[in-house]
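Trainee: Can you look at this prediction? I've put the sequence above it.
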Amino acid sequence: MSMEKEHLSDAACRHYTGTVYSDHATAELLEAVRELVNDDLPHYTRCLTQAVDNVQPVFMRKRYAEFFWHCSTTVRGYLENVIAASSTGEGEGALKLFDLWRSIDYNNDMADQVLRHAQDEARHARMFLRMANAMTPGCIAPAELAVRESTLPPLGVPELSSRASVPEHHLIDHLVQMNIGEIRTRLHMHLFAPIVFNLAPDSGRKLVRGTLEALADDELRHIGYTALLMEQWARDGDADLIAGLYSSRLATFNAITVDHTEGAIRAYGQGRFPDLLEM
């Protein structure tokens, strides 16, 4: 790369990270969630803030955003693979949520929220695939798209088969993990949204913008309803349990992300990101 091109690339990266990264990401997220659910969420705020401070997850670091930019602009097919992986992850999340929904037989309102969440995830899995084609027309052939969509969870209400009732403390654990997962997904979407939109041809930008906005709204709603459930459980006496779960589960999410990122740095980092995974 010439000195001029390298300078332009560095300037573009600085502009990008200035757009997508914030030193106050947790506080900004909490403000949006509190406004959505119309609750100050003091217990949830404390649990999440303490966990983030203790773990300092890699996916909330500025260098992580810089590495994402680097891969997106230098590795052919990287963004398409990220979007395809997002589709797979949403489909797997839908299956887990459908299973969880089947096991909640003592709180119909909570079960309904989990069911809606599962249906959203199944829909998102399809939306990601179609967004990939809108960004890069023809990257998924129609026949392949049909095959991929046929393997995804159904969009409707699945059969309510018999399943053992989930104990409440296990349910809390499941939903803590879901809440953290939704936060990480929202942060990842914040990273790739401007790049996906700018790479899309004019013919695909309307679909891409609409998809990204719908996904962001849904992710915030998922964070909101699970946060409100955590707040209610904490007020009923489970505050210490929830605080411990947030720290331990966020540490697990971070370890998984570090493992995946370490492989990507070896493959694509070109020796430029030795400090990203420093704990």
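Mentor: Received, thanks. Residues are numbered from 1 along each chain as shown.
Trainee: which residues in the stretch 1-150 of the chain form helices?
Mentor: 3-20, 25-37, 42-55, 62-74, 78-102, 108-135, 142-150 (DSSP state H, counting those that start in this stretch).
Trainee: Point out the one among these that comes closest to A193.
Mentor: Closest approach to A193 among the helices of the stretch 1-150 of the chain is made by helix 3-20 (8.1 Å; Cβ to Cβ). (Each C-beta comes from the backbone N, C-alpha and C, glycine too.)
Trainee: any low-confidence regions in the stretch 51-200 of the chain?
Mentor: Applying pLDDT under 70 to the stretch 51-200 of the chain flags the ranges 160-162.
Trainee: related to what we said a few turns ago, tell me which of the helices of the stretch 1-150 of the chain sits nearest to L207.
Mentor: helix 108-135 (4.3 Å).
Trainee: got the angle between the closest one and helix 78-102?
Mentor: 160 degrees (axes from the mean of the first three to the mean of the last three Cα atoms, to 10 degrees).
Trainee: Pull out the buried residues from the helix or strand that contains S248.
Mentor: Element membership of S248 [criterion: DSSP states H and E] is helix 239-268. When neighbours are counted by 16 or more other Cβ atoms under 10 Å, the buried residues of helix 239-268 are found to be 239, 241-243, 245-247, 249-250, 253-254, 257-258, 261, 264-265.
Trainee: Give the rounded mean pLDDT of it.
Mentor: The pLDDT scores in helix 239-268 average 94.
Trainee: and that helix, what other elements does it pack with?
Mentor: The contact analysis (3 or more Cβ pairs under 8 Å, 6 or more residues apart in numbering; DSSP states H and E) places helix 239-268 against helix 42-55, helix 62-74, helix 168-199, helix 202-233.
Trainee: Now mean neighbour count too, for those helices, in TSV please.
Mentor: Shown next, in TSV, are the helices and strands packed on helix 239-268 (neighbours: other Cβ atoms under 10 Å):
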stretch	mean neighbour count
helix 42-55	19
helix 62-74	19
helix 168-199	19
helix 202-233	18
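Trainee: out of those, which comes closest to E31?
Mentor: helix 42-55 (9.8 Å).
Trainee: and the angle for the closest one with helix 202-233?
Mentor: 110 degrees.
Trainee: Packing partners of helix 42-55?
Mentor: Using 3+ Cβ pairs under 8 Å, 6+ apart, helix 42-55 sits against helix 25-37, helix 202-233, helix 239-268.
Trainee: what angle separates the second one from helix 168-199?
Mentor: Just to be clear, that refers to helix 202-233. Using the same axes, to 10 degrees: helix 202-233 against helix 168-199 is 160 degrees.
Trainee: how far out from the middle of the chain is helix 202-233?
Mentor: Computed by Cα atoms, centre = their mean, to the nearest Å, the chain-centroid distance of helix 202-233 equals 10 Å.
Trainee: name the helices or strands packed onto it?
Mentor: Using 3+ Cβ pairs under 8 Å, 6+ apart as the test, helix 202-233 ends up in contact with helix 25-37, helix 42-55, helix 108-135, helix 168-199, helix 239-268.
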